[in-house]
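J.: missing the sequence, but the structure's below:
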């Protein structure tokens with residue numbers, strides 16, 4: 001027996017080691033989980049993901065205020081940052097479209 005051959009000065013109590021190695025199988029403390037259970041833990045339901053993502057509703061006034069800030073920023077930084085004219089026009093077009101939408105929604 002290998003345990004009996006071990007150095008006796010290292011393992012002085014070989015009876016304890018033998019008892020430890022000869023445990024009863026029905027006394028298992030740990031249970032292995034199945035692959036299906038692992039996958040179940042890893043998978044997140046798609047419904048939960050969709051529910052967590054709440055897009056805040058942004059009104060026309062908030063959007064117009066933000067666009068005004070962008071236009072002011074572009075004017076202030078015109079010397080340091082060269083913005084293309086079509087980029088500035090796109091921002092102004094967007095502002096006008098939102099202003100029209102806001103005006104039409106009040107009539």
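T.: Perfect, I can see it now. Only a predicted model underlies this, so the values are computations on that prediction, with no experimental measurement involved.
J.: okay, CA-based contacts and neighbour counts for the rest of this
T.: OK.
J.: now do the SS call for residue 56.
T.: coil (DSSP: H, G, I helix; E, B strand; the rest coil).
J.: quick check: longest helix in this protein by residues?
T.: helix 85-106 (DSSP state H).
J.: what residues does that helix touch?
T.: With C-alpha atoms under 8 Å, 6 or more residues apart in numbering as the test, helix 85-106 has contacts from 60, 63-64, 67, 71, 74.
J.: output the below-cut-off pLDDT ranges for the chain.
T.: The chain contains residues with pLDDT under 70 at 1-30, 44-51, 107.
J.: how does it divide into domains?
T.: Under the assignment automatic domain parsing, the domains of the chain span 2-52, 60-106.
J.: residue 79 in helix, strand or coil?
T.: Assigned by three-state DSSP, the conformation of residue 79 is coil.
J.: in contact with residue 83, which residues?
T.: residue 74 are the contacts of residue 83 under C-alpha under 8 Å, 6+ apart.
J.: how close does it sit to residue 91?
T.: Going from residue 83 to residue 91 by C-alpha to C-alpha, to the nearest Å gives 12 Å.
J.: cool, residue 39 as well?
T.: Residue 39 is 47 Å from residue 91, by C-alpha to C-alpha.
J.: the two: which is more packed in?
T.: residue 91 (15 against 10; other C-alpha atoms under 10 Å).
J.: picking up where we left off before, just the closest of the contacts of helix 85-106 to residue 53, please.
T.: When the contacts of helix 85-106 are compared for distance to residue 53 (C-alpha to C-alpha), residue 63 comes out closest, at 20.7 Å.
J.: pull the residues that contact whichever strand or helix holds the closest one.
T.: Using DSSP states H and E, residue 63 falls within helix 60-76. Here helix 60-76 makes contact (C-alpha under 8 Å, 6+ apart) with 83, 88, 91-92, 95, 98-99, 102.
J.: want to throw those into a markdown table with distance to residue 34?
T.: Listed next are the contacts of helix 60-76 as a markdown table, based on distance: C-alpha to C-alpha, whole Å:
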| residue | distance to residue 34 |
| --- | --- |
| 83 | 59 |
| 88 | 59 |
| 91 | 56 |
| 92 | 59 |
| 95 | 57 |
| 98 | 56 |
| 99 | 59 |
| 102 | 58 |
